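1. predicted coordinates and the sequence they were generated for:
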Amino acid sequence: MLGCDDPENCRFTIGDGLVIRKPLPSDFEYEVPEYDYRSADHDILLNYQGSDAILELSYASKVGDKSSPADAQVMIDIRNLINCLRLFKLGSINPFYIEYDQLIKNLLLIGNRVDRTAAAKSLYKYSLGKEDKDRLTDFVKLIRALLPTSEGISEAENKKRNPDRPLYIALERYYDSLSDIEGIDHQISSAVTCLEALYLTGDAELSFRLQLRVAGLLRFARFDDLTTPSDIREDVKTAYGIRSSFAHGSFIEEENLKKSSDLAKKVVDYARRSLLLFLQLKRLIDNNNKYLSDYGLKADIINMIDDSLLDLCAYNKLENLVLTHCQFLE
């Protein structure tokens, strides 16, 4: 994952007590009893030797109570950090092995926990170089604090108006789209469902509205290639058609798989960029700590996008909001 030839020096500190580094041979050294040399843990660690990076996190916190145990909070923090990496660039970040220890004043080990998952194929990968360090540090600091959690959703007094609810749903569908375990059809369907959670309400003409709104907001994103709003609209239109066919039991024909694979990558990236914009615009509240609409963030953004398609002043206002408040557009 890290564009570095020397593993010993290939480590980035991207926050207090937070390090991402290239794996070392010692990370996969594992002792087992002679009579149990083919244990399940041994087999699992052999699979992890293809891991691209290791994330290290250390910090001090109070020991949790029964209602909010410390290990639950730790797992939330780990999950949020992994999700930040999934959003930084288009990457299928899969945590294969999670282990942590709890210490009291760095002296007494009071317990540990290990979570293992089966080694899964990383559909999308990206590299990190020295030029990414500062940007990744700023990214994690900002996005980590904006990510919604299931706990925040379930505890909300009014779930329908909770601005985090559509974001949480959209994030879950985006994470689903990063895997090809169930095929390209499912991948495209998950990405489209992510976009629907952000851009649609219960209106008619859903496909048409989705195309326009996604293109209307992502025209402000910085694409490396010559992607235009018209290109985005056409991609979303095609992806929505595949999603609808998939929902009704149809599948992509063999001769169209390569074309659909390219489309899937584009639409998943549209979902990622949309999430980044919505998360950063989440801070757009007035002096009374309220959103413009009674229905919160999502309605505010949708209304601004729709207005910007018809009125030049509204377009300039939305452009100014995005460029002023959204530090990360790529």
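-> Done, it's in.

2. buried residues in stretch 198-214, which are they?
-> Residues 198-200, 207, 209-214 are the ones in stretch 198-214 that count as buried (16 or more other CB atoms under 10 Å). For every residue, glycine as well, the C-beta is placed using N, CA and C.

3. meant to ask about stretch 308-320
-> For stretch 308-320, by 16+ other CB under 10 Å, it's 308, 314-315, 318.

4. all strands of the stretch 51-200 of the chain, in order?
-> Counting by DSSP state E, counting those that start in this stretch, the stretch 51-200 of the chain has strands at residues 54-57, 97-104, 108-116.

5. quick one: buried residues of the lengthiest helix in the chain?
-> Secondary structure of the chain read by DSSP state H shows that its longest helix is helix 257-281. Across helix 257-281, burial judged by 16+ other CB under 10 Å covers 260, 263-281.

6. same check, this time on stretch 165-185
-> 165-171, 173-180, 184-185.

7. and the average pLDDT for it is what?
-> Stretch 165-185 shows a mean pLDDT of 85.

8. with stretch 309-325 instead?
-> Mean predicted confidence for stretch 309-325 is 90.

9. got the contact list for it?
-> If you take CB atoms under 8 Å, 6 or more residues apart in numbering as the criterion, stretch 309-325 is touched by 212, 216-217, 220, 277, 280-281, 283-284, 304-305, 307-308, 329.

10. one more pass at 10 Å, please.
-> Residues from elsewhere that reach stretch 309-325 (CB atoms under 10 Å, 6 or more residues apart in numbering): 212-213, 215-221, 277, 280-284, 300-301, 303-308, 329.

11. per-domain residue ranges of this structure.
-> Split into domains by automatic domain parsing, the chain comes to 7-116, 158-325.

12. which one of these has the lowest average pLDDT?
-> For these, where the average pLDDT is lowest is domain 7-116, sitting at a mean of 65.

13. what about the helices in this protein?
-> Using DSSP H, helices in the chain cover 40-48, 70-88, 133-146, 150-154, 164-177, 184-199, 206-218, 229-247, 257-281, 297-308, 312-325.

14. mind listing what's buried in the second one?
-> What it means is helix 70-88. 70, 74, 77-78, 80-81, 83-88.

15. distance to L123 added to the residues you listed, as a markdown table?
-> Below are these laid out as a markdown table (distance: CB to CB, whole Å):
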| residue | distance to L123 |
| --- | --- |
| A70 | 34 |
| V74 | 28 |
| D77 | 25 |
| I78 | 21 |
| N80 | 21 |
| L81 | 20 |
| N83 | 16 |
| C84 | 18 |
| L85 | 14 |
| R86 | 11 |
| L87 | 15 |
| F88 | 16 |
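
16. which single one of those is nearest to I20?
-> L85 (7.9 Å; CB to CB).

17. now the residue nearest to that closest one when sequence neighbours are not counted: how far from Y126?
-> Distance criterion CB to CB, 6 or more residues apart in numbering; nearest residue to L85, sequence neighbours excluded, is I93 at 4.7 Å. Distance of I93 to Y126, given as CB to CB, to the nearest Å: 9 Å.

18. neighbour-wise, which of the two wins?
-> More crowded of I93 and Y126, by other CB atoms under 10 Å: I93, with 23 against 16.

19. can you pull the contacts of that one?
-> Here I93 is in contact with 1, 52-53, 55, 81-87, 122, 124-126, 175, 178 (CB under 10 Å, 6+ apart).

20. before we move on, what about A239?
-> A239 neighbours (CB under 10 Å, 6+ apart): 187-189, 191-192, 195, 207, 210-211, 214, 260, 263-264, 266-268, 270-271.
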